[in-house]
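Chemist: need a structure here:
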Amino acid sequence: MQRSVDRILTTHVGSLPRPPDLLEFLEARESGRPIEQAAFDACLSASVHDVVRRQVEAGIDSVCDGEFGKISYTFYVRHRLSGIGAFPGGPNDRPPATAAHRDLADHPDYQLRLSQKRGGTSWFSREAVPCCVGPVAYSDRRPLEVDIANLTAACAHSKPREAFMNAASPGVLTKFVPDRYYNNEDAYVAALAEALREEYEAIHNAGFILQIDAPDLGSARHNQYQHLSDAEFLRIAERNIESLNHATANIPAEAMRMHLCWGNYEGPHTHDIPLAKILGVALRARPAGLSFEAANPRHAHEWEDLRDAKIPDDKVLIPGVIDSTTNFVEHPRLIAQRLVNFANVVGRERVIAGADCGFATFAFVDNAVAPSVVWAKLAALAEGAKMAGDRLWGRSA
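Modeler: Got it, this is the predicted structure:
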């Protein structure tokens with residue numbers, strides 16, 4: 001993972017809006033409808049080439065494939081891991097009740113609005129939720145190899161400064177792929193870590209930065225583990241970090257980054273665990289880069305909490321300085337101000353401009369930000385990063 005030497009570099013979290021023709025293929029595959037594999041492969045390859053080109057043109061230094069080969073950042077494992085099947089009971093089942101966001105329960109009027117906007121159904125009802133039904137192992141490398149080949153070819157054509165590829169953390173899968181086999185969460189996390197090691201190492205060996213998506217360090221506190229105390233939750237977070245460190249033991253720290261967030265949705269977020277409470281645990285993770293929400297109005301102030309934190313010299317901060325849940329396009333001056341705040345904490349060379357979360361976390365739902373606005377936000381991110389760099393390196397007032 002490159003550090004800045006004369007300017008603030010730019011990136012984002014990963015998922016980007018899928019083009020309509022690709023989305024049709026993805027939805028058909030997830031619902032079990034037949035697809036023409038060759039046509040899907042061609043559409044996916046062309047789409048990845050286009051999205052990498054657009055990122056470079058928007059001014060993004062560290063690009064990715066937009067997660068175009070995946071329906072979501074977690075559900076995709078059903079196509080790669082053995083032991084993963086459909087959630088029992090059919091496609092209209094819901095995940096366990098603890099998956100509901102605690103902050104939304106405080107505001108039933110807002111929940112009603114969300115339900116009406118979605119036509120009275122949860123987006124989870126679109127497809128069966130994946131579920132662990134047997135021993136977990138990495139059994140099908142083809143989807144991973146296709147993703148790697150597509151990103152490799154797209155980068156060779158558009159020549160970005162750097163490229164990364166996403167992979168789920170073992171901990172986050174305990175929520176989105178509930179266990180019905182191990183009946184022991186520690187054992188399930190350990191099995192997931194061992195299985196995902198193959199994916200992590202393949203991404204690194206392909207020459208990409210490995211980004212591990214770990215919302216289990218943030219959002220899990222107010223949904224999956226809302227019944228626990230902060231101390232009990234932090235012990236789970238520590239376990240998840242230990243499993244992650246085990247799975248990435250063969251990958252250099254500087255070749256990885258980790259993303260944490262409090263849930264990529266517009267909502268009250270009044271029960272989010274503060275960054276200061278989870279920072280110590282998060283910094284024990286091996287990845288050198290730490291990506292986190294910093295534009296979210298419930299967390300935009302937390303840069304102040306980092307001033308007194310003991311952040312190791314080998315860590316690079318990737319704060320989200322554009323929001324991923326609203327159609328406001330942040331002014332470049334605001335983006336620059338946010339970046340300068342973080343640079344004043346850890347130094348200008350250890351800050352990379354990022355986004356709060358992905359812009360299409362689940363491809364098969366109506367994501368909050370319109371595609372054209374996503375690209376406007378990324379362009380503003382690049383402009384704001386330039387402003388911040390000019391200011392930090394003394395090229396402007």
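Chemist: check the spatially most central residue of the chain and give its pLDDT.
Modeler: Geometric centre of the chain, nearest residue: Asp213, 4.5 Å, by Cα atoms, centre = their mean. On pLDDT, Asp213 comes in at 98.
Chemist: and the gap between it and Gly384?
Modeler: Using Cβ to Cβ, to the nearest Å, one gets 24 Å for the distance from Asp213 to Gly384. For the C-beta atoms, the positions are set from N, CA and C on the backbone; glycine is no exception.
Chemist: would you mind measuring from the closest residue to Arg307 other than its chain neighbours to His12?
Modeler: Leaving aside its sequence neighbours, Arg307 sits nearest to Val345 (Cβ to Cβ, 6 or more residues apart in numbering; 5.5 Å). From Val345 across to His12, the span is 21 Å (Cβ to Cβ).
Chemist: tell me which of these two has more neighbours.
Modeler: His12 (30 against 19; other Cβ atoms under 10 Å).
Chemist: what sits against that one?
Modeler: Gln55, Ile60, Cys64, Gly354, Ala355, Gly358, Phe359, Leu378, Leu381 (Cβ atoms under 8 Å, 6 or more residues apart in numbering).
Chemist: quick check, nearest of those residues to Tyr73?
Modeler: Gly358 (6.8 Å; Cβ to Cβ).
Chemist: next one: phi and psi at Arg142?
Modeler: phi -60, psi -50 (degrees, to the nearest 10).
Chemist: what's the burial count for it?
Modeler: 9.
Chemist: kindly report the same for Leu217.
Modeler: Leu217 - counted by other Cβ under 10 Å - has 30 other residues nearby.
Chemist: beta partners for the closest residue in space to it that isn't next to it in sequence?
Modeler: Once flanking residues are discounted, Leu217 sits nearest to Leu260: 4.3 Å by Cβ to Cβ, 6+ apart. Beta-bridge partners for Leu260, by DSSP bridges, are Phe292.
Chemist: quick one, what contacts Leu260?
Modeler: Contacts of Leu260 (Cβ under 8 Å, 6+ apart): Ala214, Pro215, Leu217, Gly218, Ile278, Ala282, Leu290, Ser291, Phe292.
Chemist: cool, and Phe359?
Modeler: Phe359 neighbours (Cβ under 8 Å, 6+ apart): His12, Ser15, Leu16, Pro17, Ser324, Asn367, Val369, Val374.
Chemist: show me what contacts the fourth one?
Modeler: Taking Cβ under 8 Å, 6+ apart as the criterion, Pro17 is in contact with Gly66, Phe359, Ala360, Asn367, Pro371, Val374.
Chemist: thanks again, I'm all set now.
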